[in-house]
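Colleague: Need coordinates for the following:
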Amino acid sequence: MLDSLNPISSCKKYGVSPWQCPQFLFVVMGIVTIFAITIIYFLAVLRIGNPTIVSLLVLLVAGFLLIMNFVITNSFERMAEASKLKSEFIHIVSHQLRAPLTNIKFSLDFLVSTRMVQTKEQQEEYFNVIQENSIRMGNLIDNLLTVAQIESSSFPLSKVEVSLEGIAQKLVQKFKFFALASNIKLMIFSADHSLQVLADPLWVEQVMENLLDNAIKYTKGGGEVIIKIYQKKRKVFYEVQDNGVGIPKEEQNFIFEKFFRSDNSFKKQTGGTGLGLHIAKKIIEKMGGEIEFSSKENKGSIFWFSLPIK
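Modeller: Okay, the predicted model is just below:
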């Protein structure tokens, strides 16, 4: 509690000097504001004498100084937050890349080693490790580029009439062997086959694929994944329901944050970059829609998004 009132400790959180720290600057600007108002008050009393005019002058100056104080500290706060996010981004990306690079290096060391007898099966196993980790790094780079695109002002986005059911049917065909291999029943229900939304077909398909892929990956063998497409008022909903591992309640507030992966994902040893849901949320919001979910640990999850009807 006392640390939150200490501006120096707040500066350490951002990793910046006190003169770049918004909390410290707020205190300094507050002291300067009080001093300036006091000086102006006494000068006004000596020069003007009229209590009403003096009060109005002091209030005007105080209001101006408070606005300037807010603008300056708010600007520095955004700069400090950006600096913190940049440091966290570098740390997380380096951590995400370190593991696959280590696996590739270990596999290559084994394959080029002349001191160890290598069977054909061992060589194939290590080549598979190299391939899987190369794909993992490629996916991370692709997702990072997508995030950069989304957060830039030049994000390519078109809005045309799109059938979510048509895309869903194509994805069901794409994932049916993956689901079959995991002994998962994959179903799709559409209340109205003519439903269309205004969206970018490429980006909305990426979101739909991400939600379906997650549902299958985090569902235990023998489970089921259900896709539902329906209309409410002037919106069309795409919903993916599973009876998989679910998301712990204490982690649900972070599910759409960059690089976040729940403990369940590590327990199931599923691959991923932790960027898929963050990208999905940003894309849907860019197209004027909303994305939400509900989940219970060990019971399953329901993810859905809505887009304006055509």
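
Colleague: Angles on the backbone of residue 307, please.
Modeller: In terms of degrees, to the nearest 10, the main-chain angles of residue 307 are phi -130, psi 150.

Colleague: Isn't it up against residue 236?
Modeller: Yes - between residue 307 and residue 236 there is a contact at 5.8 Å, judged by Cβ atoms under 8 Å. Using the backbone N, CA and C atoms, a C-beta is placed for each residue, glycine as well.

Colleague: anything in contact with each of the two?
Modeller: Common neighbours of residue 307 and residue 236 are listed as 164, 197 (criterion: Cβ atoms under 8 Å, 6 or more residues apart in numbering).

Colleague: Let me know the secondary structure of the residue nearest to residue 220 when sequence neighbours are not counted.
Modeller: Closest residue to residue 220 apart from its sequence neighbours, by Cβ to Cβ, 6 or more residues apart in numbering: residue 244 at 6.2 Å. For residue 244, the assignment made with DSSP: H, G, I helix; E, B strand; the rest coil gives coil.

Colleague: Could you tell me which residues make contact with residue 244?
Modeller: Residue 244 makes contact with 215, 218, 219, 220, 223, 300, 301, according to Cβ under 8 Å, 6+ apart.

Colleague: okay, and for the stretch 151-300 of the chain, where does confidence drop off?
Modeller: Applying pLDDT under 70 to the stretch 151-300 of the chain picks out residues 153, 261-273.

Colleague: Strands of that one, residue ranges please.
Modeller: Counting by DSSP state E, counting those that start in this stretch, the stretch 151-300 of the chain has these strands, from start to end: 160-162, 185-190, 197-199, 224-232, 235-242, 290-296, 300-308.

Colleague: Looking at those, spot the one closest to residue 253.
Modeller: Residue 253 sits nearest to strand 290-296 of all the strands of the stretch 151-300 of the chain, at 11.5 Å, using Cβ to Cβ.

Colleague: still on that earlier bit, by neighbours, which of the contacts of residue 244 wins?
Modeller: With neighbours taken as other Cβ atoms under 10 Å, the top of the contacts of residue 244 is residue 215, carrying 27 neighbours.

Colleague: Would you agree that one is in contact with residue 240?
Modeller: Yes - the pair formed by residue 215 and residue 240 meets the contact definition of Cβ under 8 Å, at 4.9 Å.

Colleague: Would you map the helices across this structure?
Modeller: Assigned by DSSP state H, the chain shows helices spanning 2-5, 7-14, 22-47, 51-112, 120-151, 164-181, 201-217, 263-267, 276-286.

Colleague: Lowest mean pLDDT across the ones you listed, which one is that?
Modeller: Among the helices of the chain, helix 2-5 carries the lowest mean pLDDT, a mean of 47.

Colleague: Let me see the domain layout of the chain.
Modeller: Recorded structural domains for the chain (assignment: automatic domain parsing) are 2-84, 91-151, 160-308.
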